[in-house]
Every structure is written in C-alpha cells, then in structure tokens.
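What follows is a predicted protein model with its sequence.
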Amino acid sequence: MDKTNQELSKHLPAFQEQMARLVVFNDEEWAVFSRHVYLKKLRKKEHFAIDGEICEDMGFVISGSLRFYYIKDGEEITGYYSPNNRFISSYKSFIRRKPSSLAIQAVEDSLLINLNYQSLQQLLDNPVTGLKMERFCRLIAEELIDCYEDRMQAFITLSPEERYTDLLSDKPCLLKEMPQHYLANYLGITATSLSRIRKRIFLAEK
C-alpha cells in the first residue's frame, strides 16, 4: 500500500462514523463505497470549487476549514463557513453539472475525503450500494437546505450583534479561525462595525 492509500486508510474509520449519521453501510457495501473516495489536501487559500466552473467533487472535511463566497462587482462576499466534520460541495453545480455560482476556498490548510461525480454515478448504479447512496444524496441535500434556511432566518430576524453573539455561543471556532475581514463579511457587516460590536461586548462583560 502506497503512502497516500495508507493515509486515506487512517482517516476512513472517522469518516465512516460520520457517514453513519446519514447511512450505515454493511461490510460489503463499505468495501465498494470506500474504493471510490480519495484524500485531498488543500493549502490555505487553495480552492475546492471555483466560481464559473463545474464542481466535480463532494468533500468531507477531516481537518481545517473552508469558506463559501460569491463575487459581486469584483468583491468577495462570504456566505457560509464550514469547519471540520462537515460535507461540502457547490451542490447544485455538482448535481446539475452546471457552472458554480460560488467559490469554496480553504481558510487554512485543510484535509478532505472526496467523492467525484463519476464515482457517485457508479455507486448509484451499483446494485450493492445504489439504494443507500440515493438516501445519502437526499439527506445531504436536506442538510444543505437546513443550513441555507438557518442563514436566511438569521439575516432576517437578528441584528448583526445578535448574529455575532450566536456565533460566540454556537460556533466559537469561527471566531478563532476566520480572519476578521472574512468574519465581518460572513456577518454582513464591515470590519469597523465588527470591531465596535466586539468592544461593546467586551465592556459589557467587565
């Protein structure tokens, strides 16, 4: 077994455990499925998906973090952030085979287990794995819809300061890992406004 396959094998048990949240494979099914995934290393600022290009992969973040962003008038607008133990993709592009309207970029050095589109089709067509892969795709789509609805609800119903305090309680890793200008963009505010919010919170806690 070469070094790359050895490293992939090291991470497969944790990946299988996370997969079990969605579908549980028996030994025969897992043997078929695991032959189709591969390990992908992304350096900081390297892209998983590129705006205007078809996204070829669905990934699972083993370590690191990635941001989803859109480009408007030459400006990058961060819409979502994915820490480890999450499945990621420009899913509409990946499934519909159309150019992606967003980009996905590593915020830090990241390690992913990837499944490409052709392999997914083979697994869906395989009588051993087909039924569970259909369930897997449906549940991944449901997870993405949940994330999008949560983001939309937060922007409609919460103030920027409330969105920030929610991050403090629910996703403190974001505050440590994401550069301030990305974080401000994610919250829908300027870096100056973010500094003011942090100052108000700090003074209130003294």
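Looks like it came in fine.

Just the buried positions in the host helix or strand of Glu17, please.
If you go by DSSP states H and E, Glu17 is part of helix 3-19. With burial defined by 16 or more other Cβ atoms under 10 Å, the residues of helix 3-19 counted as buried are Leu8, His11, Leu12, Phe15, Gln18, Met19. The way it works is simple: take the backbone N, C-alpha and C, and place the C-beta from them, glycine included.

which is the next helix or strand following the helix or strand of the chain with the lowest mean pLDDT?
Sorting the helices and strands of the chain by mean pLDDT, DSSP states H and E puts helix 172-177 at the bottom, at a mean of 71. Counting by DSSP H and E, the next helix or strand C-terminal to helix 172-177 is helix 180-187.

What residues sit buried inside the helix or strand just after that next one?
Sequence-wise, the next helix or strand downstream of helix 180-187 (DSSP H and E) is helix 191-205. For helix 191-205, burial by neighbour count (16+ other Cβ under 10 Å) applies to Leu194, Ile197.

Just the pLDDT at Leu187, thanks.
pLDDT, Leu187: 85.

Verify the stated contact: it with Leu194.
Yes - between Leu187 and Leu194 there is a contact at 6.6 Å, judged by Cβ atoms under 8 Å.

can you list residues touching both of those two?
Residues touching both Leu187 and Leu194 (Cβ atoms under 8 Å, 6 or more residues apart in numbering) are Tyr164.

hey, what's the residue most central in space within the chain bridged with?
The centre of the chain sits closest to Ile88, judged by Cα atoms, centre = their mean, with a distance of 3.4 Å. Beta bridges link Ile88 to Gly59 when assigned by DSSP bridges.

gap between Arg86 and Asn116?
18 Å (Cβ to Cβ, to the nearest Å).
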